[in-house]
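Engineer: what shape does this take:
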Amino acid sequence: MQTKKIAQLIGQLSLTAATMLAPACATAQDRVIDVNVSQVAGPLPATFNFAVGAGRANEGLRADWQQQLAEIKRDAGFKYIRMHGLLSDDMAVYHVDAQGKEHYNFQYIDALYDYLLSIKIKPFVELGFMPSQMASGDKTIFWWRGNVTPPKNYEAWERLVKALTAHWTERYGADEVASWYFEVWNEPNLDGFWAGTQDDYFKLYAHAARAIKSVDARYRVGGPATAGAAWIPETIAYADKNRVPLDFISTHTYGVSQGFLDEFGKKGTVLNKDDGAISADVLRNRREIGASAMPTLPLHYTEWSSSYTPSDPSHDSYHQAAYILQKLKQVGTAAQSMSYWVFTDIFEEAGPRFEAFHGGFGLMNTQGIKKPAYFAYQFLNQLAPNELKNTDARSYATTDGQGNAQVLLWDYTHTLPEKINNQQYFIQDLPARDKGTVAVKVAGLKPGAYTLTVSQVGYKQNDAYTGFIGMGSPKQLTRPQVTALKDMATGKPSAQKTVRVGADGRFSTSLPLRENDVYLLNLQQAKR
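Structural biologist: So this is what the prediction gives:
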């Protein structure tokens, strides 16, 4: 077993330069991560846990949704959350009576936002979809029928946005609301999400932006929240020409090269094998902003994942943890946030799902079983705030400034064969092939005793999905099966040992590495 091998290696740890691994042990695939706790590159980018997504606002009124969010907030530290459907009919926001008088009701939103703020998660407000009594048409999207048509009266839309913004200001205080983000609509460049034109969207945006700013000029508003990293130059040009407020850019990207939104996974999506998938879009948008009339605008990716299909088993697989880390590392500081879509499989765009694991977007499944992807974020959140200089492209090394160190490392290998799609491939038990070893060397440590903990994600390591496949992929889970799968994915360290660092201040170890393995090494000075 991999865990046993790790424990054995820790028991044989070499703590001085004279007794490090001999070069004869190396192979062509072996890696070396060599860092020094005194050589700080700068702050660790906060991109990874700035924000996370959720399906729709009404789902946030469920007890199990709230329990899962509190758990992932504790483990991953997400600061903001974004979701669809805040203004949809199931939130009971807007009504016109028989006399034609408008009525606003914010009780459901209050219940949701009160809870978010109680667990110290702020709203990344997505303004949409259209209340049916305000809408110009009856075109909808998803099982829960979000109306995607423009308002029949843009002034009525502006009044609603202003009233809601003023309500939040009164309820939570202007300083609190000034720390939020207001994003107008979702993916208006796709016909399924917006029945109007680009000009219609810009008009919708302008009315919303002016309504928000009329309450408090400090409030941050942005867009266009497009699919495929689109409309960025056009949005900036429109705002600049028409003097419309624009405080940030937001857009989305997903890592598939074939397929389209396929709610039940019948057509098949294909994970993009291009090394620049995801990151190339982010870097291009950053260049577009830099070349615009507003070159310093923040860039927020308010949706991203390996696939835009909520029936894609790549989301559930152990491969996803390494994929997430690889893409976040490639993006670096080009974006101010990368909001993973989404935190939970309590997500009903295609309606309530009957299957325990169905390729849902979530970091947790409906029963709260943590997927391997969950631990990518939990491990990132355990890193210290100062990133060390590090030439290895597939790792983060950090220090807290007190002499402690962490190294988060991974292998990312695209294993999807040609002429097969995600829905065919990732539903199997997929043993990981050997990739050699990785040597970790840390210098600049204070001599003395340290506690070393090693945590892992990979094939059959914090890998409930492979365990689920081993059960025969049951459509429904019994309570004992849920308990067993949760016990397979706790995130607890696989090994822990007290080690001593000598007078030379050096620590080194070597770990076996398989395809898409993830390791977190935490070296903490032992308490006296």
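
Engineer: contacts and neighbour counts: CA atoms only from here.
Structural biologist: Fine.

Engineer: contacting residues for residue 277?
Structural biologist: Remark: with contacts taken as Cα atoms under 8 Å, 6 or more residues apart in numbering, residue 277 is in contact with 254, 255, 256.

Engineer: if we go to 10 Å?
Structural biologist: Residues in contact with residue 277 (Cα atoms under 10 Å, 6 or more residues apart in numbering) are 253, 254, 255, 256, 257, 271, 306, 327, 330.

Engineer: what does residue 429 give?
Structural biologist: 317, 459, 460, 465, 466, 467, 468, 469, 470.

Engineer: if you skip the residues just before and after it, what's nearest to residue 168?
Structural biologist: Nearest residue to residue 168, sequence neighbours excluded (Cα to Cα, 6 or more residues apart in numbering): residue 177, at 7.0 Å.

Engineer: how's this protein carved up into domains?
Structural biologist: Following automatic domain parsing, one gets these domains for the chain: 2-44+386-525, 51-381.

Engineer: wait, residue 75 sits on residue 377?
Structural biologist: Yes - taking Cα atoms under 10 Å as the contact criterion, residue 75 and residue 377 are neighbours in contact, 7.9 Å apart.

Engineer: thinking again about what came up before, okay, the domains of the chain in JSON lines with mean pLDDT next?
Structural biologist: As requested, the domains of the chain are exported to JSON lines (pLDDT from 0 to 100):
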{"stretch": "domain 2-44+386-525", "mean pLDDT": "88"}
{"stretch": "domain 51-381", "mean pLDDT": "96"}
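
Engineer: who's more crowded, residue 75 and residue 377?
Structural biologist: For residue 75 versus residue 377, the count of surrounding residues by other Cα atoms under 10 Å is larger for residue 377: 22 against 18.

Engineer: and residue 126, that one's in a helix?
Structural biologist: No - according to DSSP: H, G, I helix; E, B strand; the rest coil, the state of residue 126 is strand, so it is not within a helix.

Engineer: is it true that it touches residue 208?
Structural biologist: No - under the contact definition of Cα under 10 Å, residue 126 does not touch residue 208, with a separation of 11.2 Å.

Engineer: which residues are in contact with both of these two?
Structural biologist: Residues touching both residue 126 and residue 208 comprise 182, 183, 184, 185, 222, with contact defined as Cα under 10 Å, 6+ apart.

Engineer: who is the third one paired with across the strands?
Structural biologist: When bridges are called by DSSP bridges, residue 184 pairs up with residue 127.

Engineer: from residue 174, how far off is residue 165?
Structural biologist: To residue 174, residue 165 is 10 Å away according to Cα to Cα, to the nearest Å.

Engineer: scratch that, residue 129 is what I was asking about
Structural biologist: Following Cα to Cα, the distance that separates residue 129 from residue 174 is 25 Å.

Engineer: for the two, indicate the residue with more neighbours.
Structural biologist: Between residue 129 and residue 174, counted using other Cα under 10 Å, residue 129 has the larger neighbour count: 26 against 17.

Engineer: helix/strand/coil for that one?
Structural biologist: coil.

Engineer: which residues do residue 165 and residue 174 both contact?
Structural biologist: Between them, residue 165 and residue 174 share these contacting residues under Cα under 10 Å, 6+ apart: 215, 216, 219.

Engineer: any idea which of the residues you listed has the most stuff around it?
Structural biologist: Neighbour counts for these (other Cα under 10 Å) peak at residue 219, which has 21 neighbours.
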